[in-house]
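K.L.:
with the sequence up front, the predicted model follows.
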Protein chains: 2
Amino acid sequence: MALRYALLGLLSERPASGYDLAKAFEGELGSYAWHAGHNRIYPELARLVDEGLIEHADEGARGRRTYAVTEAGRTELRNWLLTPRTGGAVRNEPVLRLFLLSALDPEDARKVLRDIADDSERQIAELGEAMAGDTPVSPDGRLPFGWLAAGYGLRQYEASHDWARWALGELDKVARRSPPSHS
Amino acid sequence: MALRYALLGLLSERPASGYDLAKAFEGELGSYAWHAGHNRIYPELARLVDEGLIEHADEGARGRRTYAVTEAGRTELRNWLLTPRTGGAVRNEPVLRLFLLSALDPEDARKVLRDIADDSERQIAELGEAMAGDTPVSPDGRLPFGWLAAGYGLRQYEASHDWARWALGELDKVARRSPPSHS
DNA sequence: ACTTTACCTATCCAAATTGACATATCCATT
DNA sequence: AATGGATATGTCAATTTGGATAGGTAAAGT
């Protein structure tokens, strides 16, 4: 039930076709928040049109059809965003991996943690570069889509990095207290 | 396809019944990483037994049946954890909300951001308390389940908190540059 | 002794989701 | 003019999922 709001949100930034929307889900949005392929997008767009939350806006080349949010759609999205949801659906494989890390023996866990630390470091560098410079301005007094999200991503990666290094330290502590069996 | 690994992971900590496992998913594991109800757990346990990844361990009162991981299951879990997966399934409603925040006008966005800041502050206090004290030790040289995860959660909330306050600042900046229309 | 509560496993069905398949157009290169 | 790649929309069967429902046992309270 969250896909529809993702679509409404994307369309509220600017009108787009199903294809455009599918592209959007391949970026950070799809990697960190919610993913959907075109096979789910097209049917959902049809439903949204039925319900009057979006409307057919334009026709382009190759059968391209762009959609735009209606006033009703904007209201629906706003209501959803302003209603604090307790316990929305969470299904996050990367985080599940972290939860299960204790199932590995310390050596293996260390390897995974080092990978996480390296990876997050890389992402931090990338995002930091992308966010360098001044706050971008939008003519309508809003921050551009993605700017806030990028800031969030950056902080998440920093947190992951910190955590991985801390966890490595914790493993070391435990190792010192109860050294490996071959001793 | 990740549920099975969650189950293998939980069972590798200690043998448990389907009921126990369902309970485990109601805690932090289910809130932040992956959720499953008993209606999915029982069939999956049956499949895992079929495939020889877990085995029937014990029979208790009230028809209680506990399962334990087999050597094959342990290997399967280890392989999964050590194989860095690019783009595992992510479906995270709370984060989606953050991505869509730019769709709100600044006033509404501020309200949401303040809620996030308040909420994360509360969570930080809770988790910080839970983690106070020394690193817990396990007899087998492993960190107990949940300790690493709790550390991760704490850092995530701190990142959320930072982010929300930063985002509020960004909104202020934009507001100063292009003041509200009623001016 | 009786009742309530927690424990414990199980299945059914509608809805959601995925992966694979299908089709067609436009554009750039050769 | 032919080829190939990116654009673009759709469908369908098989699986996964979630909500509801069902039925039973042990322990604890009264």
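P.N.:
Ah, there it is.
K.L.:
how far away is the residue positioned nearest the centre of chain A from residue B:115?
P.N.:
Closest residue to the average C-alpha location of chain A: residue A:32 at 2.4 Å, with C-alpha atoms, centre = their mean. For residue A:32, the distance to residue B:115 (C-beta to C-beta, to the nearest Å) stands at 20 Å. Heads up, the C-betas are built off the backbone N, CA and C, glycines and all.
K.L.:
and for residue A:81?
P.N.:
Applying C-beta to C-beta to residue A:81 and residue B:115 gives a distance of 11 Å.
K.L.:
and those two? Which one has more around it.
P.N.:
Set side by side, residue A:81 and residue B:115 show more neighbours around residue A:81, with 23 against 13, by other C-beta atoms under 10 Å in any protein chain shown.
K.L.:
residues of chain A that sit close to DNA strand D?
P.N.:
Contact residues (C-beta under 7 Å from any atom of the strand) of chain A with DNA strand D: A:17-20, A:22, A:38-39, A:42-43, A:45-46, A:60-65, A:89.
K.L.:
which of these are buried?
P.N.:
Listed as buried from the residues of chain A next to DNA strand D are A:17-20, A:22, A:45; burial here means 16 or more other C-beta atoms under 10 Å in any protein chain shown.
K.L.:
can you redo the residues you listed as CSV with pLDDT and distance to residue B:121?
P.N.:
Output for these, formatted as CSV (pLDDT from 0 to 100; distance: C-beta to C-beta, whole Å):
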residue, pLDDT, distance to residue B:121
A:17, 93, 41
A:18, 92, 40
A:19, 93, 42
A:20, 93, 38
A:22, 92, 37
A:45, 93, 39
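K.L.:
A strand includes residue A:56, no?
P.N.:
Yes: Residue A:56: assigned to a strand according to DSSP: H, G, I helix; E, B strand; the rest coil.
K.L.:
quick check: pLDDT value at it.
P.N.:
At residue A:56, the model reports a pLDDT of 90.
K.L.:
surely it touches residue A:69?
P.N.:
No: judged on C-beta atoms under 8 Å, residue A:56 makes no contact with residue A:69 at a distance of 11.9 Å.
K.L.:
residues in contact with the residue nearest to residue A:158 when sequence neighbours are not counted?
P.N.:
Spatial nearest neighbour of residue A:158, chain neighbours left out: residue A:124 (6.0 Å); criterion: C-beta to C-beta, 6 or more residues apart in numbering or on different chains. By C-beta atoms under 8 Å, 6 or more residues apart in numbering or on different chains, the contact list for residue A:124 reads A:154, A:157-158, A:161.
K.L.:
hang on, the earlier thing: now do the phi/psi pair for the residue nearest to the centre of chain A.
P.N.:
Dihedral angles of residue A:32 (phi, psi; degrees, to the nearest 10) stand at phi -120, psi -20.
K.L.:
list phi and psi for residue A:136.
P.N.:
Phi and psi for residue A:136, reported as degrees, to the nearest 10, are phi -70, psi 150.
K.L.:
residues near it, how many?
P.N.:
12.
K.L.:
compare neighbour counts for residue A:56 and residue A:69 and give me the winner.
P.N.:
Legend: neighbour count by other C-beta under 10 Å for residue A:56 and residue A:69, higher for residue A:69 (25 against 12).
K.L.:
now the more buried one: how far from residue A:143?
P.N.:
For residue A:69, the distance to residue A:143 - C-beta to C-beta - is 18 Å.
K.L.:
elements contacting the longest helix belonging to chain A?
P.N.:
Using DSSP state H to define each element, chain A has its longest helix at helix A:147-177. Under the contact criterion of 3 or more C-beta pairs under 8 Å, 6 or more residues apart in numbering or on different chains; DSSP states H and E, helix A:147-177 touches helix A:28, helix A:106-130, helix B:93-99, helix B:147-177.
K.L.:
what about 10 Å?
P.N.:
helix A:28, helix A:93-99, helix A:106-130, helix B:93-99, helix B:147-177 (3 or more C-beta pairs under 10 Å, 6 or more residues apart in numbering or on different chains; DSSP states H and E).
K.L.:
domain map for chain A?
P.N.:
Domain assignment for chain A, taken from automatic domain parsing, gives A:3-82, A:93-177.
K.L.:
neighbours of residue A:5, how many?
P.N.:
Neighbourhood size, residue A:5 [other C-beta under 10 Å]: 22.
K.L.:
return the backbone torsion pair for it.
P.N.:
As for residue A:5, its main-chain torsions (degrees, to the nearest 10) stand at phi -80, psi -30.
K.L.:
you'd agree it is up against residue B:101?
P.N.:
No: counting by C-beta atoms under 10 Å, residue B:101 is not a contact partner of residue A:5; they are 11.9 Å apart.
K.L.:
list residues touching both of those two?
P.N.:
Shared between the contact lists of residue A:5 and residue B:101 (criterion: C-beta atoms under 10 Å, 6 or more residues apart in numbering or on different chains) are residues residue A:81.
K.L.:
in three-state terms, label residue A:145 for me.
P.N.:
Per three-state DSSP, residue A:145 ends up coil.
K.L.:
perfect, that will be all.
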